[in-house]
Structure formats: structure tokens, C-alpha cells
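Q: here is a sequence with its predicted model. Questions after.
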Amino acid sequence: MSADQVFHSRSEGIPSEGVKDQYADGKAARAWNKFIGDSNQRTQNYKDFLIGLLRKHGCESVLDAACGTGIDSMMLVDEGFKLVSVDASDKMLKHALKARWEKRKNPKYDEWVIEEANWETLPRDVNSFMPGALFDAVICLGNSFAHLLDEHEDQRVQKMCLKNFAKCLKPGGLLFIDHRNYDAMIDSGATPGHSIYYNCKYPVDIKTSVLVVRGKPKLIALDYCIDVTEEGEASERSEFRLCYYPHKLAKFTAMLDEAFDHRGKHHIYADFKPQEEVSVPAFYIHVMEKARD
Ligand SMILES: C[S@@+](CC[C@H](N)C(=O)[O-])C[C@H]1O[C@@H](n2cnc3c(N)ncnc32)[C@H](O)[C@@H]1O
């Protein structure tokens, strides 16, 4: 069941060949920049969590597999990590390329690689512009992985993509991957407007629709409405719809373990904290360490 069969996207994204790019018409890409706010203003919890773990494990090279407009990558480049940033959406990459150009006088940005790639063909795509490259860490954050829907109703493409992330890692490398707390969203029918990742200065309202097929939640559509009115100006709203696969924690955990051949070390965090500290988190963040041999 694909999103197009059920929901008409408010933002009429036109997929480029073979790629279901929900950002293809550029509307969501522009609005996304407003949602994530100033790229220098990441939430401190997120920064401390990601950078802390990368440093603790001695990671230097990072593949940002869902770089979008480049916000996570820039945070890591600023901290001295070597970044290769990829995304399937050229409309999103356009913003990352522009950001790199604007930072061209900062020598840290000289080696920032930005390329188009799809999770479905990730090792091959990366190999085409960086033959033989393997990374200390792969990140796929900001609820990105849930963009991949389940057309065959057996999650086979999602499983293949998780394996592709594992293939891009060096032995002992780390995968950071997250999803919203879809268990709670399905129960409550609501999505928290505040993001644990971004400091958005505008009020955000997110309307949640759950599509249930044969008794199982198959897709969640989130209608983002951001009030971007500036003081003293006429009211202005940015609206876009994104559709997600509602990953349940237990199933996603099992899929990820399988992708690492049940040999990875798997830690799950709730809003960047140990799970027992947060009763109903907005996000789960999985950190998977690839086996060394
Ligand atoms: C929600 S955005 C998040 C971007 C960024 N990590 C952030 O936090 O702002 C999700 C990104 O995943 C990308 N994406 C979705 N499906 C993809 C795929 N199959 N391969 C590569 N990128 C994909 C989208 O194009 C989009 O830029």
C-alpha cells in the first residue's frame, strides 16, 4: 500500500525516476528549513548525545545517510568530523550544497562531501564516488527512515536498507537510527509539535492521521502547519504533509538486530536518555555497534 494510493499529498511531490521523493516539488524542502530553524541552534541534549558517543567510540568518518538540508552534517563538520552526506532528494541536497558554498571560507568545510544516494543502493552509490569507503559511523536521524513505506507489506525493502547501512560501516562502527514513538502515536492519535532535535522559533501544529489496513496501522500522515508570521507582518503559514511508516519499537528492534546478523551491540535510548528515565518518549534512538570480526 503506497501513500499515493490513499492520501493525496498536500505538497504535490513529483518523484524523480524510481525514487519516491516526498520533497520533490521543493515545498516541503523549503518549509523543512523553517521547521528545523537555525542550524547552529541544535538542542543541547541531541548534540551532547551524538557527539559524546561518536567521540567515546573514536569515530572520525561519518556517513550522514539522510542529510536533507545538511543540518546534522554541519553540526558534525563544525566539531571536526569528516562528513560524507547523502540524500535521495535533490531538492533537499540543493539546500545542503548552498550551505556548503556559504561556508566555503571555513577550512573545515573543504572536505565535506555531498552526493545523491538512495538507501536501497547505498553501498553501490557510495562506492561510485568514493571507491572502497567504509565509515566509523552512519547516521540516519530526524525520523528519516520512516519515510520508507512498505509497498510489499513484508518490510523487505526496509530490511534491505538496514543491511545496506551495516555494509557501509567498518567493523566496530556505529549506526545511529531513530523513529518517532509510533506505539504512543497510534494509541493517542497525536504527535508532539515540539521536536527533540530542532529549536524551531515558530509555533508548530502537527495533525496526525493513521491509516489502518486489515487491522494493522500501515501509514501515518503528518500535516505540519508552521505559523511563520514575523512580528508586525501579515500572517503567513507554511503547510506540508509527510507520510511515514509507523515503526513499532519491538519490531524495529528485531529488524535491526537481524540486519547486523544478531551480532551487533544494540542500545536503545528514549529522547537521548536511558529508556527507564522517560515514560513516554517522543523518539527512540537506536545505536548499533557492528561486530568486529
Ligand atoms: C525528515 S528529513 C531529515 C533530514 C535531516 N536528517 C534532518 O534532521 O533535518 C528525511 C530525509 O530522508 C531522505 N530520504 C527519504 N528516503 C530516502 C531514501 N530512500 N534514500 C535516501 N534518502 C532518503 C529525504 O529525502 C529527506 O531529506
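A: Arrived safely, thanks for sending. Computed from a predicted model, the values in this text were never measured in an experiment.
Q: excluding sequence neighbours, find me the nearest residue to the spatially most central residue of the chain.
A: Taking CA atoms, centre = their mean, the centroid of the chain lies closest to residue 144, which sits 2.7 Å from it. Excluding the flanking residues, the one nearest residue 144 by CB to CB, 6 or more residues apart in numbering is residue 66, at 3.4 Å. Just so you know, the C-beta spots here come from the backbone N, C-alpha and C atoms, and that holds for glycine as well.
Q: and the one you found, its phi and psi?
A: When read as degrees, to the nearest 10, the backbone of residue 66 gives phi -140, psi 60.
Q: is it true that it touches residue 146?
A: No - between residue 66 and residue 146 there is no contact under CB atoms under 8 Å: 10.5 Å.
Q: surely residue 190 is within a helix?
A: No - assessed by DSSP: H, G, I helix; E, B strand; the rest coil, residue 190 does not belong to a helix; its assignment is coil.
Q: tell me how many other residues crowd it.
A: 11 (other CB atoms under 10 Å).
Q: once you drop chain neighbours, what's closest to it?
A: Nearest one to residue 190, counting by CB to CB, 6+ apart, is residue 208 at 5.7 Å.
Q: can you tell if the helix or strand encompassing the one you found touches the ligand?
A: Element membership for residue 208 (DSSP states H and E) is strand 204-213. No - Strand 204-213 stays clear of the ligand (CB under 6 Å from any ligand atom), getting no nearer than 12.8 Å.
Q: and that strand, which strands flank it?
A: strand 216-227 (antiparallel) (DSSP bridges).
Q: give me the number of residues near the residue nearest to residue 190?
A: When neighbours are defined as other CB under 10 Å, residue 208 has 14 of them.
Q: against the ligand, how distant is it?
A: 16 Å (CB to the nearest ligand atom, to the nearest Å).
Q: can you give me the strands in the stretch 51-200 of the chain?
A: 61-64, 82-87, 113-116, 135-140, 169-180 (DSSP state E, counting those that start in this stretch).
Q: thinking again about what came up before, per-residue pLDDT of the residue nearest to residue 144, please?
A: On the pLDDT scale, residue 66 is placed at 98.
Q: is the residue nearest to the centre of the chain in contact with residue 69, as I believe?
A: No - using CB under 8 Å, residue 144 makes no contact with residue 69, being 12.0 Å away.
Q: what residues of stretch 205-223 count as buried?
A: 206, 211, 217, 218, 219, 220, 221, 222, 223 (16 or more other CB atoms under 10 Å).
Q: go on, stretch 92-111?
A: If you call a residue buried by 16+ other CB under 10 Å, then stretch 92-111 has these buried ones: 92, 93, 95, 96, 99, 100, 103, 109.
Q: so the residue nearest to residue 190 bridges to which residues?
A: The partner residues for residue 208, given DSSP bridges, come to residue 222.
Q: I'd assumed residue 192 was in contact with it.
A: No - shown here, residue 208 and residue 192 do not form a contact pair, counting by CB under 8 Å, at 10.1 Å.
Q: quick one: name the residues of the protein near the ligand.
A: 21, 23, 36, 66, 68, 71-72, 87-89, 92, 118-120, 141-144, 147-148, 197.
Q: next up, phi/psi of the residue located most distally from the centre of the chain, please.
A: Relative to the centre of the chain, and counting by CA atoms, centre = their mean, the farthest-placed residue is residue 232 at 34.6 Å. Dihedral angles of residue 232 (phi, psi; degrees, to the nearest 10) stand at phi 80, psi 0.
Q: against the ligand, how distant is it?
A: Applying CB to the nearest ligand atom, the value for residue 232 to the ligand is 29 Å.
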